[in-house]
Each structure stands twice: as structure tokens, then as C-alpha cells.
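# Model the following, please.
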Amino acid sequence: MKNTGLPRRIGAMLYDGLLLFAVLMLVGTPFVAIRGGEAVEPLTDPFFRLTLAATIYLFFVGFWMRAGRTLGMQSWRLQLETAAGGKPTLGACTIRFFAALLSWAPAGLGFWWQLWDREHLTWHDRLSGTRIVHYPKE
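Down below sits the predicted model:
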């Protein structure tokens, strides 16, 4: 199976970003309700910050572990798998999650890297031993 290109990845990321935004709104609702409708300052509330970070982690790692793809990836017919074509482990998914943060840090260079990579892999693909493949319509 062929590793997927950057445009499909971006499409899936945009879709997942919208879904994740909605999930974070739901998770944040109790924090706002406890404050009587007042906004929560993430910089001054470490528990709120930790809750949001845990939610983002669980969103991605949970989907990757359960189905090998997020809802955005499913829409773009993408699948996360190990380099050997198997199902990724919790460790690989966790490494992939944190390595993806590193890929974003220098202006997304870790993602752009796949344009020059011989196998079209990103930094987090390489660091986690995983890849995203495209399954065309049957």
C-alpha cells in the first residue's frame, strides 16, 4: 500500500481539527458552568490545561489504537499502520502523538519533510515506526 501524500493528510487534519474543537468545547463546558458562565483562563488554571491536553491526547491515541484512524482520516480513506502493515501499539501511538507536536514546532517542517522524503514519511512517521496509507475506493 502507498504512503499518503501531504494534501490528503492536511484534509484529514482540518476535519479532525473541527471535530476536536467541538469535543474541547464540550469538555470545557463544566469548567465554565462551575464559574457561573465566566470564561476560564487556561494560563491560570492548570487543571483545565491538563484536562484539555489529556482530551487531545485521548482523541488521537484512542482513535489510532481502536480503529487505526481518526474520523478525519476515515473520511479521506487513510489508515495508520506500522511500517510492517500491522496495528500500532499504545507505545507507537504515544510516540507518534508527541513526535507530531515536534513536527509542528518548526513551522510544520516535520510535515513538509515528506515532500523530500524518498518514502513520503514525516518526522513522526519515522520516529514512531508508523505510516499513513491511502486506501482508494473499491
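# Please count neighbours and contacts with C-alpha atoms only from this point.
Will do.
# which residues sit in contact with the residue nearest the centre of the chain?
Nearest to the geometric centre of the chain sits residue 60, at 4.7 Å (CA atoms, centre = their mean). Contacts here follow CA atoms under 8 Å, 6 or more residues apart in numbering; on that basis residue 60 touches 70, 97.
# So for it, what's the pLDDT?
Among the per-residue scores, residue 60 shows a pLDDT of 98.
# With residue 98 as the reference, measure out to it.
Applying CA to CA, to the nearest Å, the value for residue 60 to residue 98 is 11 Å.
# repeat for residue 86
According to CA to CA, residue 86 stands 21 Å off from residue 98.
# Neighbour count for the two, which is higher?
Taking other CA atoms under 10 Å, residue 86 and residue 98 do not tie; residue 98 has more neighbours (14 against 11).
# Show me what counts as buried in the helix or strand where the more buried one lies.
For residue 98, the element it lies in under DSSP states H and E is helix 90-104. For helix 90-104, burial by neighbour count (16 or more other CA atoms under 10 Å) applies to 92, 93, 94, 95, 96, 97, 99, 100, 102, 103.
# which secondary structure elements does the host helix or strand of residue 26 contact?
Using DSSP H and E, residue 26 maps to helix 6-34. Helix 6-34 sits against helix 46-67, helix 71-75, with contacts defined as 3 or more CA pairs under 8 Å, 6 or more residues apart in numbering; DSSP states H and E.
# just these: most buried one?
Among those, helix 71-75 has the highest mean neighbour count (mean count of other CA atoms under 10 Å), at a mean of 18.
# Downstream of that helix, the next helix or strand is which one?
Following helix 71-75 in sequence, per DSSP H and E, is strand 78-82.
# Give me the sheet partners of that following strand and which way each runs.
strand 130-134 (antiparallel) (DSSP bridges).
# Would it be right to say that residue 106 lies in a helix?
No - Residue 106: not assigned to a helix; according to DSSP: H, G, I helix; E, B strand; the rest coil it is coil.
# if we can go back for a sec, Serialize the helices and strands packed on helix 6-34 to TSV and add fields for distance to residue 13.
Formatted as TSV, those follow (distance: least, CA to CA, whole Å):
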stretch	distance to residue 13
helix 46-67	11
helix 71-75	7
